[in-house]
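Enquirer: please work out how this folds:
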Amino acid sequence: MTALIVIGIIVLIFAIILNIRIRAEVKFYGGVVDLKVKYFLFTVFPFKKKEKKTKKAKNTKSKRPSVTEETAEKVPTAEEKDTASEEISADKTEEKVSAAEESDTESDEKAKPKKEKKSFSERFGSISDIIEKVKVIWECSAKGLKKLFLHIYIDGLVIDFRIAGEDAYKTALNYGRISAGVYNAIGIISTLFRTNIRSVDIVCDFDGKKSVFDCEAKISIKPATIFSAVFVILFGLLKNIRVLTKKSENVKDQPDSNEAVTV
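Expert: Prediction:
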């Protein structure tokens, strides 16, 4: 009985942990991105850096080493000059040998026969196999992605754009393009995710010289939703593992037209 109570308590704790939402606060003001990720009462990102205590460096006087008779430069003798000339000649011979070896390797690479180009039927067959595998992956992951997208919440969406410029004609064109793009993007986002819009303000400022793009949003999702969506996708992929790992059938080699056919 006590074992069942302990198991029930553990399951209840995991259920509570997985159903607490992960919240991401994204802000873009003055060209600076501010991202914070919170889980329950804790800030997951960014991490708080511990301030290290700075120690005062001791001022040490730099002492120049005294020049002695042993460290003084010596005049090279005749024997040392001969050895140096021999080393230079040896280096030159080594360079010539390496250059000859490189030229031999280049000639060998040129002499190698070129790889035969694949025929159009072989290429088309490989492309069709890739398309089939992509379709299978999409069919397996469609349910999981749909479940994931429907449980992502976007709250407090704020868009504050101020379109400015010196040329009034270009400013008006930019205002029309940006406003059309923003409203179309909001429509797509609203169909994919559950979105709550606080304010959208796009203004055309003919007196200003620099455009301003400010926005913010809060995105939240449950960890349980992520795990369930990943499980659905992986289960579908494992179910169709044979189709995904199937090798493409090579096209049979046909006899050349130039060769004579014997009956």
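Enquirer: and the helices in the protein?
Expert: Along the chain, counting by DSSP state H, helices occupy 2-18, 78-111, 120-150, 168-192, 223-239, 241-245.
Enquirer: let me see the mean pLDDT of stretch 1-12.
Expert: On average, the pLDDT along stretch 1-12 is 89.
Enquirer: about what we covered before: worst mean pLDDT among the helices of the chain?
Expert: helix 78-111 (a mean of 58).
Enquirer: surely Glu132 touches Lys246?
Expert: No. Glu132 is not in contact with Lys246 according to Cβ atoms under 8 Å; the separation is 9.1 Å. Where C-beta positions appear, they are placed from N, C-alpha and C, glycine not excepted.
Enquirer: quick one: which of these two has more around it?
Expert: Legend: neighbour count by other Cβ atoms under 10 Å for Glu132 and Lys246, higher for Glu132 (14 against 11).
Enquirer: buried residues in stretch 158-172?
Expert: 158-159, 161-165, 171 (16 or more other Cβ atoms under 10 Å).
Enquirer: among the residues you listed, name the ones in strands.
Expert: If you go by DSSP state E, the buried residues of stretch 158-172 have 158-159, 161-164 in strands.
Enquirer: looking at those, which is nearest Val203?
Expert: Each of these was checked against Val203 using Cβ to Cβ; the closest is Arg162, at 5.2 Å.
Enquirer: gap between the closest one and Gly156?
Expert: Look at Arg162 and Gly156: by Cβ to Cβ, to the nearest Å, they are 20 Å apart.
Enquirer: same question, Ser128
Expert: Taken as Cβ to Cβ, the span from Ser128 to Gly156 is 47 Å.
Enquirer: please apply the same query to Thr225.
Expert: 20 Å.
Enquirer: more neighbours: which of the two?
Expert: Thr225 (20 against 13).
Enquirer: settle this for me: that one is touching Phe149, isn't it.
Expert: No. Between Thr225 and Phe149 there is no contact under Cβ under 8 Å: 10.0 Å.
Enquirer: and the residue lying closest to Ile22 once chain neighbours are set aside, how many neighbours?
Expert: Among residues not flanking Ile22 along the chain, Tyr39 sits closest, at 5.3 Å (Cβ to Cβ, 6 or more residues apart in numbering). Counted with other Cβ under 10 Å, residues neighbouring Tyr39 total 14.
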